[in-house]
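Enquirer: predicted model follows, preceded by the sequence.
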Amino acid sequence: MILIPTKAALRRFQHTEDGAVTVDHVVLTGALVGLGIATLMVVSDGIENLSLDIRDELSGMDISASFRSLVEQACIASGAGTGPAAAGPTGQTFDGMPVNALLIYQSDDFVGGLPIESGARAASGGAQTLELRADAKPVVLFLADNDGNLDEVDTTQVVAEDVSLNGTVYGQGFDVSSAYTLSDPNSGLTLSSLHFGDPFTGSWQGPVMATTASNPLEPGESYTFEDNVTTHGNVRPYSDYLGCG
C-alpha cells in the first residue's frame, strides 16, 4: 500500500528545523565564522601597515607633467603660476615698472610662420588663417610696462627677463612693440603680434617674432581671423590676453 502524505504533513515537513542536517549546518556555520575571525586577527596588522604605506606613497607623488596642459607646464616652468589666467602684474618690478606675465607663441610655432607687418596690418590685409604646429608650445614673456596696456608705440614696454624666441635670445631691456591685431568675432579669439628690438624705432615693419593670444591655442589646429587691424589706435589691456595665475 502506498501512503500519500497530506498537504498538512508536507507543510510540517517543510518548516521542520530539527534533525541531523540542521544540527550539522549550525555546527559548520559556527566553525566557519570562528575561522574567519581568527584569520582576520592574524592579517589585520599587516593589512593596516600596507594601507598606510600605499597612502604615504600616493600622497607624496607629483602629477606627471605629461598629464598637465601645455599652458600649465609653461606657467609652472616659468614660476609665474600653475595655470592659465588673465595676463597682468606679477607683483614684481623692473626699472620701477610693474611686470606682466604674458603667454606667447613664437613665429616658429606656426606653419609658415606669422604674417609680416605691412601697412600697419598683417600682410595682404583681410582675413588670415593661421595653423599651429603639432609640437607648438607657449612660453611666458615677462614684460615690464608703466601702464596696463599692450601698445604699438610705447618706449616703456621692455623685456623684464631674458626670453628665447625662434632660436634668438632677447635680453632684459629689449623693446617690445605690438604690430597688428587679428580677431575672430565668432569665437572671440584675439591675437596681437609682437616685435622685439633694441632700441625702439617707433616704425617697425616686416617680420614679427611672436604673438600673444586671448585664449590657449591647440597644437595642430587652424584658426581664421576675419578682422585684421593695426594695434595702434586699437589698444587692449593686458587682461585681454592669456597669462598665468
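Expert: The structure has been received and is ready for your questions. Residues are numbered from 1 along each chain as shown.

Enquirer: you'd agree Tyr180 is up against Gly119?
Expert: No - when contacts are counted by CB atoms under 8 Å, Tyr180 is not listed as touching Gly119 (9.4 Å). In short, each C-beta sits where N, CA and C put it, glycine included.

Enquirer: neighbour count: these two, which is higher?
Expert: Neighbours were tallied for Tyr180 and for Gly119 using other CB atoms under 10 Å; the higher tally belongs to Tyr180 (28 against 11).

Enquirer: okay, now the residue lying closest to Asp162 once chain neighbours are set aside: neighbour count?
Expert: Across the structure, with CB to CB, 6 or more residues apart in numbering as the measure, the residue nearest Asp162 apart from its sequence neighbours is Gly171 (5.0 Å). As a burial measure, Gly171 scores 11 neighbours (other CB under 10 Å).

Enquirer: now do Phe94
Expert: Around Phe94 sit 17 other residues, with neighbours defined as other CB under 10 Å.

Enquirer: check it and give its pLDDT.
Expert: Phe94 is assigned 96 on the pLDDT scale.

Enquirer: now for it: which residues touch it?
Expert: Under the criterion of CB atoms under 8 Å, 6 or more residues apart in numbering, the contact list for Phe94 reads 142, 144, 158, 160, 172.

Enquirer: farthest-separated two in the residues you listed?
Expert: The largest distance within the contacts of Phe94, taken as CB to CB, falls between Phe142 and Val158 and amounts to 10.0 Å.

Enquirer: distance of Glu226 from Thr190?
Expert: Look at Glu226 and Thr190: by CB to CB, to the nearest Å, they are 12 Å apart.

Enquirer: any common contacting residues for those two?
Expert: For the pair Glu226 and Thr190, residues contacting each of them under the criterion CB under 8 Å, 6+ apart are 183-184.

Enquirer: who's more crowded, these two?
Expert: Looking at Glu226 and Thr190 with other CB under 10 Å, you find the greater number of neighbours at Thr190, namely 21 against 12.

Enquirer: pull the contacting residues for the more buried one.
Expert: 181-184, 213-214, 236, 240-241.

Enquirer: any chance of CSV for the residues you listed, columns pLDDT and neighbour count?
Expert: Shown next, in CSV, are the contacts of Thr190 (pLDDT from 0 to 100; neighbours: other CB atoms under 10 Å):
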residue, pLDDT, neighbour count
Thr181, 95, 26
Leu182, 96, 26
Ser183, 95, 19
Asp184, 94, 17
Ala213, 94, 21
Ser214, 94, 20
Arg236, 92, 18
Asp240, 95, 17
Tyr241, 95, 23
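
Enquirer: of these, which belong to strands?
Expert: Using DSSP state E, 181-183, 213, 236 are the members of the contacts of Thr190 that sit in strands.

Enquirer: export the residues you listed to a markdown table and tack on distance to Gly197?
Expert: Shown next, in a markdown table, are the ones in strands among the contacts of Thr190 (distance: CB to CB, whole Å):
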| residue | distance to Gly197 |
| --- | --- |
| Thr181 | 19 |
| Leu182 | 21 |
| Ser183 | 25 |
| Ala213 | 22 |
| Arg236 | 21 |
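
Enquirer: find the residue at the geometric middle of this protein.
Expert: By CA atoms, centre = their mean, the mean C-alpha position of the chain lies nearest to Ser69, the distance being 3.4 Å.

Enquirer: wouldn't that one be in contact with Leu217 here?
Expert: No - the pair formed by Ser69 and Leu217 falls short of the contact definition of CB under 8 Å, at 11.5 Å.

Enquirer: neighbours around Val176, how many?
Expert: 26.

Enquirer: that one in helix, strand or coil?
Expert: Assigned state for Val176: strand (three-state reduction, DSSP: H, G, I helix; E, B strand; the rest coil).
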